[in-house]
Every structure is written in structure tokens, then in C-alpha cells.
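Asks: Predicted structure and sequence below. I'll ask about it afterward.
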Amino acid sequence: MRYGQGLEDTNILPILVADKPELIMRLFFFQIFWLLLFPLSSLRAIQASNIESLLNAYEQAKSDTIKVKLLGDLYNYYLYRDKAKAKKYAIEEIELSTTLNHIKGQCLGNYHLGVYYNNIGMNDSSNLYYSKAMELAKSIHDIMQMSNINHAMAIQQFYQGNLDVALQMTIETAELNKQINDSLGLAISLDFMGMINQNKGQYALEIYEKYNDTYYQSQALNDIGQTYLLLEDYNNAEKFLNESFKKSIEANSKSITGTVYTNLGKLQIQLNDPDKAMHYLNKALEIQTQLNEIRKQIITKNQIGQAYNALNKPRMAIPIFSEVIETSDRIDSKSTRQYAYLYRSESFKLLADFENALKDFEKYKQISDTLFNNEKSKQIEELRTIHDLKQKEADLALQKKEIDVLNGEIKLANIKKLSYASGMISFIFIAALVYYSLKQRMKKKEIERRKQEEILIKEIEFKKKELASQTLHLVQKNTFLQELKQNLEKIKNSPELFKIEFRRIVMLLKKENASDRDWEIFKSYFSEVHDNFDKKLMDIYRDITEKELRMASFIKMKLSTKEIAAMLNVLPDSVLKSKYRLKKKLNLDKEMDLYHYLNTL
């Protein structure tokens with residue numbers, strides 16, 4: 001679909017610009033963060049690795065620093081494939097490194113968790129683990145890792161709007177890169193400094209030119225031209241955008257070529273040349289339609305509507321803005337829909353239709369307020385998550401302390417045993433004359449002592465089993481909720497992935513509710529903790545079904561009706577009916593409590 005009159009092609013640049021500067025910052029942030037996380041050598045290593053071989057090596061490896069390295073490689077492989085697995089390997093990397101007192105492994109593990117939380121938008125958690133990683137890196141004077149962590153933290157500060165802090169941290173990162181002669185890392189730092197200062201991005205070009213990387217040359221030129229466009233320095237903006245366009249052609253990036261036309265159209269609108277702007281915007285729309293880039297299409301159409309407003313043709317602009325609003329609503333692009341309402345409000349104002357102009361402006365403000373409130377809610381949720389995490393860590397520490405106390409009691413009992421035996425031996429030598437008279441009494445005391453010792457050991461084992469049972473329940477429940485939350489956050493942060501992530505969530509729910517394999521694993525753990533409870537129940541009631549065994553297990557774990565309903569994804573009434581049928585099958589009286597009965601098995 002084309003709008004307006006076309007012009008002859010000119011040698012111009014493509015630059016990636018959205019309806020507002022915040023999206024520019026997000027795109028630039030992603031580019032630098034990707035370079036930070038995956039240096040070129042690491043990317044080649046990951047692409048060349050065979051995940052099956054890596055997993056086999058991990059399974060066979062001893063608990064040493066080699067296994068720590070394998071855990072890091074597995075984290076890198078799964079980071080953008082399966083975030084839950086990536087997090088699991090990062091946590092295991094920290095735990096094993098701590099056991100081995102391997103400081104570098106602990107540092108990398110905390111850094112990896114920081115990256116993980118950053119990718120799912122939990123900035124407070126991300127900064128927490130980055131800070132831990134930085135302390136460890138400084139303790140072993142690992143300059144390369146200090147540089148990586150410092151750069152990641154600078155990006156966090158930049159994204160949160162703390163530009164002065166981000167600039168100072170980036171300067172420190174550049175100095176660290178100089179110490180280790182990391183030219184590529186220095187280029188990235190200078191490019192980021194250029195973005196912060198809005199006038200230093202050209203320094204990174206020297207490094208990209210040294211590596212003959214046309215794609216990143218185009219990106220750097222693009223960033224510089226974009227900065228000048230935001231500063232309303234249109235001569236320099238056009239100059240750098242044209243240079244970026246040449247490099248994008250060399251890199252054969254049609255997507256950049258399409259977005260360049262969009263931004264050049266925006267530039268011409270600001271230069272009060274809407275006819276020329278219309279030409280560039282139509283070029284952009286053609287390419288974006290070929291590539292099926294729906295989000296970029298609606299951004300371009302927003303600019304086309306503005307061009308029509310500039311041409312004093314609001315009646316032609318209104319249908320375009322309406323189309324953008326409809327498409328934005330379908331793909332859940334709130335920011336684009338927000339500005340479409342604002343621009344359409346301007347169109348109605350030009351037509352003196354002040355009633356509709358006011359309605360559209362109110363919708364624009366409503367979306368703006370919603371986006372602001374969502375961001376605040378997200379920050380509150382991050383703080384709540386950190387608090388819950390610390391509380392769980394404290395609970396586990398308390399349980400560990402109780403186990404240590406019990407172990408101490410065992411040691412004390414052993415010491416008493418040794419002292420008692422020594423005293424008895426001495427007594428035997430001293431009181432040889434009365435040995436036979438005391439022999440039977442000693443045997444009796446020995447039997448009583450062993451019984452007391454066995455009772456103490458059983459009490460300890462029982463507490464360990466109870467701890468394992470509680471931990472198992474906590475892990476099952478929180479792992480599912482965390483995975484579900486991460487996928488929902490991903491949909492919120494990347495609406496264009498809605499269909500893919502929605503199917504993944506459905507699969508996750510099905511897996512959590514009805515996986516026979518997960519149930520068999522659960523039965524195995526449950527049986528170990530509760531002394532083969534299911535076998536005992538099956539020996540007494542041979543016709544008991546698998547579902548009834550599962551219900552009995554949940555009841556023995558003292559789960560409430562609401563919790564069981566949540567785990568089985570059924571209504572609480574269904575759980576009550578299942579309990580009734582189970583009680584009936586077990587031939588229990590109405591007065592008999594099902595939980596107390598199962599607890600006696």
C-alpha cells in the first residue's frame with residue numbers, strides 16, 4: 001500500500017527510530033548488552049559446540065573446576081533458548097564453586113544470575129547479583145571480569161535513567177579495557193559513552209573499521225545520526241545517516257535499509273518537507289511489507305499520517321491512524337497505539353472537530369498513565385520477590401542450624417559413650433574381684449544405651465525426611481510459578497512473541513498438571529521420604545488407583561483442599577469429592593479423619 005506522491009531515489013541512510021526516543025535506547029541497550037554477554041569468540045564456541053556432548057561431559061565430570069566450566073558453557077547455551085535451565089545451571093555453578101572455594105567460579109555464577117534477571121526485567125535482583133560478582137572479581141583482581149560486570153551495571157543505570165552514574169561507570173570500564181588491551185571492549189565502551197553524551201559515538205567507528213565489520217559500522221553511524229536527529233542538528237544527522245546507509249547496503253541488511261527510510265521521512269517532516277518525507281516513508285513501507293515487519297509498518301504509518309497532517313490533509317491521515325490503532329491493539333503495542341491517538345487528535349483538531357480531538361487525547365493520556373503505573377508495579381514486585389527470596393534463605397538456614405544441633409548431640413553422645421567405656425575398663429581392672437557380679441548389670445545398661453542411641457538417630461532421620469519433604473513441595477510449587485511468571489513477563493516485555501510464548505505457557509501448564517513421568521519421579525521421592533507409603537497403601541487396598549494414590553500422598557503431605565486443587569488444576573469441590581471417594585474405598589467411618597489415618601501407615 002502506498003501513500004502520497006513518490007520521488008526519485010537518492011542515496012540515503014536507514015536508521016532505526018520509533019515513535020519515541022525510549023525505544024531507541026532499548027534497541028541500543030540490547031545491541032551493547034549482546035556484545036557484552038557474548039564476545040565473538042564465545043559466540044563461535046557456542047555455535048560450534050554439540051549440546052549432547054556438552055551434557056554428556058557434564059554428567060560424567062567430577063565435582064571440580066572443570067565441571068564449573070561446563071556449567072558456565074551450559075548456561076551460555078540455554079540463556080536464550082530456555083531461561084529456566086540457564087538459571088538452574090548458574091545456581092549450580094555458584095554452589096559447586098562455593099564448595100570448592102573457587103572464587104572465579106563464584107564470580108561468574110553470580111554474574112550469570114545477574115544477566116538472567118536482567119533479561120527477564122528484574123533490575124533489582126540483577127543489580128544484587130552483579131554487586132556480589134564485582135566483590136568477588138575485585139578479591140582476585142580479575143580485570144576482564146570486572147570490566148564485564150561494570151559495563152553491565154552501567155547499562156542498568158543507563159536504562160533506569162541514571163545517566164551521570166552510567167557515564168562514570170563506563171569511563172571506569174574503558175580504563176579497565178585499556179589495562180588489558182581489550183580493543184573491542186574499548187570500542188563498545190566508547191560507543192556507549194557516545195550514546196550517553198550524545199556526541200561521542202564516532203570513536204567506536206575506528207575499532208569497527210579496524211575489524212572491517214560493516215554491520216556494526218552501520219549501526220554506529222546509525223546511532224550517531226540518530227543522536228544528531230534528536231539534537232535537531234539536521235545537517236549532521238543526514239550526513240551520518242547517508243554513511244550508515246552505504247554500510248547497510250554492504251552488509252546486505254534490508255531491515256536496516258527499510259528503517260532508514262522511516263527515519264529519513266521523519267527528518268524531512270521536521271525539515272517541513274512533507275512531500276519528500278512521503279517518498280521516503282513509502283519506500284520504507286514497501287520493504288517492511290516484504291519482510292512482514294508489522295511493528296515497523298505501523299511505526300512508518302504513524303509517520304505517514306504526520307506527513308499528511310503537515311500537508312494539511314487530515315482527512316487522509318485519520319484512516320491511517322485508525323489502522324495503526326487497530327493493528328497496535330491486535331499485536332499489543334501500547335506505545336505505538338499511544339502516539340497514534342495523539343497524532344489522530346491533531347488531525348481532528350485541524351478539522352475543528354474538537355470533541356473527537358479531546359477524546360483521542362484523553363485516550364493518549366490514559367495509555368501513558370497505564371504504562372507508568374505498570375512500571376511502578378513491576379518495581380514493587382521485584383522488591384517483593386527479593387524479600388521472599390531472603391526470607392526463604394533465612395528459613396533454610398534455620399533448618400540447617402537445627403540439623404547441626406542434632407548432629408552435635410550425636411557427637412556428644414559418642415563422646416559420652418567413649419568415656420563410659422573407658423571408665424568401665426578401668427573399673428574392671430581395679431575391681432577385678434567383683435567383675436562377675438557386675439557383668440549382667442553392664443549388659444543391661446549397654447542394651448538400654450543402644451536403644452536410646454537408636455531412638456536419637458531415628459529422630460534425626462525423621463527430621464531430615466521432613467525437611468526433604470517440605471523442600472520437595474517448595475521446589476515443585478515455586479519452580480512452576482517462577483517459570484509461569486517468567487513467560488508472562490516475557491509476553492509483557494515482548495508482545496510480538498505472544499503467540500509463541502502463549503503456546504509455551506499452555507504446554508507448561510499441561511506438563512505441570514498431567515505429566516505421568518513427573519508423577520513417577522514425585523512418587524519415587526515421596527516413597528523414599530515416607531517409607532514406601534504408596535506400597536503400604538497398595539498392599540492393604542490392592543484395587544486403589546493411581547489417582548487415588550496421588551490424592552492420598554497430597555493429603556499425607558498435609559496440603560489443604562485449595563492447594564491440592566491448584567496442583568491438579570481442578571475445582572476445590574472436585575477435591576472434596578475425591579477425598580470422599582477415597583475415604584469410602586478405605587472403609588473408614590465418618591468420624592475417622594483421613595489425614596490421621598494415612599499418617600498411621
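Replies: Arrived safely.

Asks: Spatially central residue for the protein, please.
Replies: For the chain, the residue sitting closest to the mean C-alpha position, by Cα atoms, centre = their mean, is Ile120 at 3.4 Å.

Asks: OK, contacts around that one?
Replies: Ile120 is in contact with Lys83, Gln486, Glu489, Lys490, counting by Cβ atoms under 8 Å, 6 or more residues apart in numbering. Where you see a C-beta, it was placed from the backbone N, CA and C, and this is true even at glycine.

Asks: Okay, buried residues for stretch 304-318 please.
Replies: Ile304, Gly305, Gln306, Ala307, Tyr308, Asn309, Ala310, Lys313, Pro314, Met316, Ala317, Ile318 (16 or more other Cβ atoms under 10 Å).

Asks: got the residues you listed as a markdown table, with distance to Lys535 and pLDDT columns?
Replies: Shown next, in a markdown table, are the buried residues of stretch 304-318 (distance: Cβ to Cβ, whole Å; pLDDT from 0 to 100):
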| residue | distance to Lys535 | pLDDT |
| --- | --- | --- |
| Ile304 | 72 | 95 |
| Gly305 | 71 | 93 |
| Gln306 | 73 | 92 |
| Ala307 | 76 | 93 |
| Tyr308 | 77 | 95 |
| Asn309 | 77 | 93 |
| Ala310 | 80 | 93 |
| Lys313 | 81 | 94 |
| Pro314 | 78 | 93 |
| Met316 | 77 | 95 |
| Ala317 | 75 | 93 |
| Ile318 | 73 | 94 |
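
Asks: and of those residues, the nearest to Gln226?
Replies: Relative to Gln226, the closest of the buried residues of stretch 304-318 is Gln306; by Cβ to Cβ it sits at 17.9 Å.

Asks: okay, and the helix or strand of the chain with the least pLDDT?
Replies: Here the helix or strand of the chain ranked lowest by mean pLDDT, DSSP states H and E is helix 40-48, holding a mean of 40.

Asks: Which two of the contacts of Ile120 have the greatest separation?
Replies: Lys83 and Glu489 (10.1 Å).

Asks: circling back: and the residue nearest to the centre of the chain, how far is that from Ile555?
Replies: 35 Å (Cβ to Cβ, to the nearest Å).

Asks: low-confidence ranges in the stretch 201-350 of the chain?
Replies: 201-210 (pLDDT under 70).

Asks: where along it do the strands fall?
Replies: In the stretch 201-350 of the chain, no strands are defined using DSSP state E, counting those that start in this stretch.

Asks: Please apply the same query to the stretch 451-600 of the chain.
Replies: Going by DSSP E, counting those that start in this stretch, the stretch 451-600 of the chain shows no strands.

Asks: For Ala240, list the residues it contacts.
Replies: To be clear, residue 240 is Phe; Ala isn't right here. Listed by Cβ under 8 Å, 6+ apart, the contact set of Phe240 reads Leu13, Leu221, Asn222, Ile224, Gly225, Tyr228.

Asks: Pipe the residues you listed into JSON lines and attach neighbour count and distance to Gly408 per row.
Replies: Formatted as JSON lines, these follow (neighbours: other Cβ atoms under 10 Å; distance: Cβ to Cβ, whole Å):
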{"residue": "Leu13", "neighbour count": "30", "distance to Gly408": "73"}
{"residue": "Leu221", "neighbour count": "27", "distance to Gly408": "68"}
{"residue": "Asn222", "neighbour count": "31", "distance to Gly408": "65"}
{"residue": "Ile224", "neighbour count": "28", "distance to Gly408": "66"}
{"residue": "Gly225", "neighbour count": "30", "distance to Gly408": "69"}
{"residue": "Tyr228", "neighbour count": "22", "distance to Gly408": "70"}
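
Asks: Now do the same for stretch 448-467: mean pLDDT, whole number.
Replies: The pLDDT scores in stretch 448-467 average 72.

Asks: who touches stretch 537-545?
Replies: Counting by Cβ under 8 Å, 6+ apart, Leu549, Ala552, Lys585, Leu586, Leu598, Leu601 sit against stretch 537-545.
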